[in-house]
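In: Sequence first, predicted coordinates after that:
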Amino acid sequence: MSVGAPRALASSGQKPITEILHPLSAAEEPLSVTVGGDKQEVGLTNGTPVETSSPASTSSLFNRLQLDDDLEADVRDPYADSTEMRDLFVTVDNPKKHISTMETYITYRVSTKTSRVEFDLPEYCVRRRYQDFDWLRIKLEDSQPTHLIPPLPEKFVMKGVVDRFSEEFVETRMKALDKFLKRVADHPVLSFNPHLNAFLTAKDLNKRQGLALLSKVGESVKHVAGGYKLRARPAEFCAMGEYLDTFNQKLGTIDRIAQRILKEQSEYLTELREYGGVYSSWVGSEEELRRPLEGVAGCVTTSCGALEDLGDNMSLDFLPVLREYVLYLESIKNVLRKRDQSQAEYEGRLEAAILRKQEDRTPMPLEVEKCQDKVECFNADLKADWERWQSNKRHDFKQLLTGMADRNINSYEKSQAAWESLITLLQDKQTEDKTSETN
Amino acid sequence: MQETYTVYLIETRPAETVPGGGVPAAPDTLWRRYSEFELLRTFLLVTYPYIIIPPLPEKRAEFQWHKLAADNLDPDFVERRRVGLENFLLRVASHPVLSNDKIYFLFLTEEKGWREAVLETGFQDKVDSRLKSLSAMFRVKNPDKRFTAMKQYSDELNTVISQLLRVRARVADRLYGVYKVHGNYGRVFSEWSAIEKEMGDGLQSAGHHMDTYAAQIDDILEEEEHYADQLKEYLFYTDAVRSVCKKHELIQYELEMAAQELISKKQQREELATGTVRVFSLKGITSKLFGTESQEQRESRLAALEQSIQEGEETLKEKNTECKEFVQMAWEDIERFKEQKDKDLREALISYAIMQISTCKKGIQVWSNAKDCFNKM
């Protein structure tokens, strides 16, 4: 290795910085598309063959840098990237309440179907509680610090404000856990994590004993020494950071708006109910007007029901997803920080090594090379995950917002149907009366 | 001292074509202010106490949801009032009895001399009687069940429409809030689209649709005011119904009083003639205490009483006739009113339903547009 200025850090394979895609751009450059761990020949786009060694080695990490460029595959299911390629399917469902003397809690059924060799059986079915998911996430974060780990739904809920055992709460949480697991299972690196394997297969999740199979890279990155100051974050990671900050802000605003709308709708609903009641009470003093008045009261009631459903749905499906993304952003920022630390350490060590070399002509220490590798891996992983995250985010928000539009449309449709049938009813009566008059 | 007020232009055209193929007369046009309408109405109230006189639109805006101006000079209010005044004149014009009234005709044709003409009728004398009927606390012995029922109905209708208008104003207020908050999505989507690549266009256009949605509420509530005005007309109508019922009560009461007085006088005559004191009278007691009067005095008293009785019988006959006529004419108008009310309110409710359908359609349209934009994200 030559002496001199620190080598330019590549962030994806061995490419110079000018060829590296901007994190915010669409993946215009197709990268190789294979997913999965079977023993096929894989290579980087620049043609350099890479050894397909065990999952734990550094170089095999480059194998895993496969991006699914088929973004248009299935608009409805963001998790069915290229369905024929997937070989690991997970589902979370079937919540059950467990009551013991010490505590009451909910477990969920976690079902797995797979053809991967890492799994002994093709199918598994286990029961897990939130704690177990939390354990998994912590383990993933620890063992794969260079990757973006999807978020879990919020751990703590204020007792008294939210009923932890209500159907709606359990349903919402379950959907979020299902999404979490699916995202992990779809990740080309995370899905091979041994902790995930244990989570999906073990009858009893023994959480106290850590599993021995920790990737070497993960371990070494974990022990990044503190105290190194980063001089300059590369442009693309700066852009990432800025994007995260702005996006966080916008999500916060949207959350506030959604909550405000819910509040206003709820107050509107209260008044509307009373309004319908007045029409009902009017019926008593009328004869000819009885039918139209009852009809109007009925339509108002239907509209109230539709509005109530709209509000419930927004609370259950819309707000939690927004909040999940805020958590996601937090965890991504953490990973960015760790990347910065990793780079800082490398630069620090490199500087120290250069100074020593100039003094006593010792060759570049191995540690510095290792640091450089670390940083390059980190950058590569992060970049790949970022692209993946952007794509998923686009799918998720498309789904979220079209869902919101659908629910509003639905609410109006219910109301419109009620009013239209009232008019038909009243007009029929009118023609009925007219014919009876002329007869 | 200067005063600002609004005047309204009234244009009257004869409905029938001129017979004999002559040239139709030019339409009469003149200007009237609100107080002149009030004068006309007071005249009609007093002159036709057995008719349910159509109401005027409100003098000051009430039952407003807060965004609407309560200012009398606000153009929206003035326009709605204009519609109300026109409606009043049309109601009078189509009434079988009121449409023939001379003063009403002059209101439409004589700009200058109208006020004098009204005062010349001397209607003010009857104003007192009307006030008496409205405020008096008299009890009728044999109330006409139909009128009692009608008055009760009118009170119920008044209560329920007031309630309805009050709650409707609150509903309008809240709905306004719901729509307007959605406008905030417009701004945040626009800001968010600036940091996105592929999602940007979809978000930006969706944001515009959210702005459109927020703006929809202004027209929606504007249209609903028309419905509120229809309800208000009938709210004010209930006052007119009530006053007819009260007038009937007064006439009935006066009839009963007249009958009672006659009976009492006749009894007095009997006593005087027979010498027995069945009915307490001061004369009777004093004569007992201070001695009886002379034959002359008795005879003159008897003669006076006879006279009084005859007058009383005349009065009773008049009152009876008055009452019968009033009941007949009033009840005819009440039946006419009931039919009109059923028809008008039914139509109002149907048009309200149509308004709601239109609101739903607009909402669906805008959310569908937004959804298309989201799909393009």
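Out: Structure's in. What do you need?

In: so which strand or helix has the closest residue to chain A within the stretch 51-200 of chain B?
Out: Relative to chain A, the nearest point of the stretch 51-200 of chain B is B:R174 (3.8 Å; Cβ to the nearest Cβ). Any C-beta I mention is one placed from the backbone N, CA and C, and that applies to glycine too. According to DSSP states H and E, B:R174 maps onto helix B:145-193.

In: just checking, what packs against that helix?
Out: helix A:235-283, helix B:200-274, helix B:295-375 (3 or more Cβ pairs under 8 Å, 6 or more residues apart in numbering or on different chains; DSSP states H and E).

In: Now with 10 Å, please.
Out: helix A:235-283, helix A:290-313, helix A:366-438, helix B:200-274, helix B:295-375 (3 or more Cβ pairs under 10 Å, 6 or more residues apart in numbering or on different chains; DSSP states H and E).

In: So is the fourth one next to chain A?
Out: By that I understand helix B:200-274. Yes - Helix B:200-274 is in contact with chain A by Cβ under 10 Å from any Cβ of the partner chain, via B:G202, B:L203, B:A206, B:H209, B:M210, B:Y213.

In: Buried subset of those as a PyMOL selection?
Out: With 16 or more other Cβ atoms under 10 Å in any protein chain shown as the criterion, this PyMOL line picks the buried residues out of the residues of helix B:200-274 next to chain A:
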select buried, chain B and resi 202+203+206+209+210+213
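
In: could the residues of helix B:200-274 next to chain A go into JSON lines alongside pLDDT?
Out: Formatted as JSON lines, those follow (pLDDT from 0 to 100):
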{"residue": "B:G202", "pLDDT": "93"}
{"residue": "B:L203", "pLDDT": "94"}
{"residue": "B:A206", "pLDDT": "95"}
{"residue": "B:H209", "pLDDT": "96"}
{"residue": "B:M210", "pLDDT": "96"}
{"residue": "B:Y213", "pLDDT": "97"}
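
In: which among the residues of helix B:200-274 next to chain A gets closest to B:H95?
Out: B:Y213 (45.3 Å; Cβ to Cβ).

In: which one is the closest one nearest to, not counting chain neighbours?
Out: Spatial nearest neighbour of B:Y213, excluding adjacent residues (Cβ to Cβ, 6 or more residues apart in numbering or on different chains): B:V366 at 4.6 Å.

In: tell me the contacts of that neighbour?
Out: B:V366 sits next to A:405, A:408-409, A:412, B:182, B:209-216 when contact means Cβ atoms under 10 Å, 6 or more residues apart in numbering or on different chains.

In: picking that back up, so which of the helices and strands packed on helix B:145-193 gets nearest A:Q131?
Out: Judged by Cβ to Cβ, the one of those that comes nearest to A:Q131 is helix A:366-438, at 25.7 Å.

In: Return the distance of that closest one from the chain's centre.
Out: Computed by Cα atoms, centre = their mean, to the nearest Å, the separation of helix A:366-438 from the middle of its chain amounts to 16 Å.

In: so the helix holding B:R174 versus helix A:290-313, what angle?
Out: 30 degrees (axes from the mean of the first three to the mean of the last three Cα atoms, to 10 degrees).

In: Report the contact partners of the residue nearest to B:Y179 when sequence neighbours are not counted.
Out: The shortest distance from B:Y179 to any non-neighbouring residue, by Cβ to Cβ, 6+ apart, is to B:I217 (3.7 Å). B:I217 is in contact with B:K67, B:A172, B:L175, B:Y176, B:G177, B:V178, B:Y179, B:K180, B:H182, B:G183, B:T359, B:K362, counting by Cβ under 10 Å, 6+ apart.

In: quick check: mean pLDDT across the stretch of helix or strand B:L89 belongs to?
Out: In this assignment (DSSP H and E), B:L89 forms part of helix B:75-93. Helix B:75-93 shows a mean pLDDT of 89.

In: And that helix, what does it pack against?
Out: So helix B:75-93, by 3+ Cβ pairs under 10 Å, 6+ apart, packs with strand B:7-12, helix B:34-47, helix B:102-109, helix B:200-274.

In: I'd assumed A:I261 was in contact with the residue of the stretch 51-200 of chain B closest to chain A.
Out: No - using Cβ atoms under 10 Å, B:R174 is not in contact with A:I261, being 11.9 Å away.

In: Tell me where chain B is predicted with low confidence.
Out: B:1, B:14-27, B:65-73, B:136, B:275-293 (pLDDT under 70).

In: mind listing what B:Y234 touches?
Out: By Cβ under 10 Å, 6+ apart, the residues touching B:Y234 are B:P55, B:L157, B:N158, B:I161, B:V241, B:Q340, B:K341, B:D344, B:L345, B:A348.

In: now stretch B:353-365: how far from the chain's centre is it?
Out: 32 Å.

In: Show me the contact partners of that stretch.
Out: Residues outside stretch B:353-365 that contact it (Cβ under 10 Å, 6+ apart) are A:292, A:295-296, A:299-300, A:303, A:306, A:408-423, A:425-426, B:175, B:179, B:209, B:212-213, B:216-217, B:219-221, B:223-224, B:226-227.

In: can you redo the helices and strands packed on helix B:145-193 as a markdown table with distance to B:S129?
Out: Converted to a markdown table, these look like this (distance: least, Cβ to Cβ, whole Å):
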| stretch | distance to B:S129 |
| --- | --- |
| helix A:235-283 | 34 |
| helix A:290-313 | 38 |
| helix A:366-438 | 42 |
| helix B:200-274 | 8 |
| helix B:295-375 | 12 |
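
In: out of the ones you listed, which comes closest to B:E38?
Out: It's helix B:200-274; of the helices and strands packed on helix B:145-193, that one is closest to B:E38 (Cβ to Cβ) at 12.7 Å.

In: Show me how far that closest one is from its chain's centre.
Out: On Cα atoms, centre = their mean, the centre of helix B:200-274 falls 6 Å from the chain's centre.
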